[in-house]
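> I would like the atomic coordinates for the input below:
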Amino acid sequence: MIVLQPTYFAPIIQYVAIAKSKSILFEVEDNFQKQTYRNRCYIYTDKGKHLLNIPIQHSKKGKQKTKEVKIDYKYDWNKLHLKTLQTAYSSSPFFEFYIDDLLPVFEKRYTFLLDLNLTCHQIIMDALQLNIPTQLTEQYFTQSSNAVLDLRNLAIAKSNNTYRLERYIQVFYQKHGFLSNLSILDLLFMEGPNALNYLENQPIKF
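So this is what the prediction gives:
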């Protein structure tokens, strides 16, 4: 079993871990932290690495649990994210193959960030044709066991860990070179059905 944070179209390394796992435990009882992939992801545009950020409603009480974080739709971020993805990946080999399945994320107004992230995860799992048992924590996870691999740190956007993922062709590769560990969407739009094979064959040990 691996323990992960539900994130917004998670970085590829998180799905490398998922593809190699037998079960998933999502941490939903933690306190929300800034500078994480909980509400952001990075894609590849003609200008290079590009941030897509989901604005949230900040609590006046200070700390709040991730599962209680509400999304702020004041600036229609969802429409902007969809337009940016269309501009960046419309020429990718598998964009048209997957975009219809992704539209609900940008068309529906989710109240809670957690619900949106879990929806994103299920869409990606369906696209990868992966069926792995998944649970949500009922209290903050502190168990230490050889049978459980704690990978919640993969949600830290400014981590010092540099994962050497194998190269694959990207839309703007000739302009900016290979950008590693972007959102899983980048891999999916470029590799399509071969994305799972790519994930399973990454020589990375956690």
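> only C-alpha atoms for contact and neighbour calcs from this point on.
Fine.
> Just confirm residue 51 is within a strand.
Yes. Counting by DSSP: H, G, I helix; E, B strand; the rest coil, residue 51 falls inside a strand.
> I'd like to know how far residue 70 sits from residue 28.
14 Å (C-alpha to C-alpha, to the nearest Å).
> Tell me how far residue 189 lies from residue 127.
Taking C-alpha to C-alpha, one finds residue 189 at 11 Å from residue 127.
> overlap in contacts of these two?
Residues touching both residue 189 and residue 127 (C-alpha atoms under 8 Å, 6 or more residues apart in numbering) are residue 98.
> out of those two, which sits in the busier spot?
residue 189 (23 against 18; other C-alpha atoms under 10 Å).
> Do I have it right that that one meets residue 98?
Yes. Counting by C-alpha atoms under 8 Å, residue 98 is a contact partner of residue 189 at 7.5 Å.
> Can you get me a residue count around residue 34?
Residue 34: 10 neighbours (other C-alpha under 10 Å).
> Might you report the residue contacts of it?
Residue 34 neighbours (C-alpha under 8 Å, 6+ apart): none.
> what secondary structure does it sit in?
Applying three-state DSSP: residue 34 is coil.
> now do the one 10 residues further on
Using three-state DSSP as the criterion, the local structure at residue 44 reads strand.
> That one pairs with what?
Judged by DSSP bridges, the bridge partners of residue 44 are residue 49.
> That one is in contact with residue 88, isn't it?
Yes. Assessed by C-alpha under 8 Å, residue 44 is found in contact with residue 88 at 6.8 Å.
> Mind listing the shared neighbours of those two?
Going by C-alpha under 8 Å, 6+ apart, residues that sit against residue 44 and also against residue 88 are residue 171.
> More neighbours: those two, which one.
residue 44 (24 against 20).
> Now do the strands in the protein.
Listed in chain order, the strands of the chain (DSSP state E) span residues 2-4, 24-26, 40-45, 48-53, 56-57, 70-71, 134-136, 149-150.
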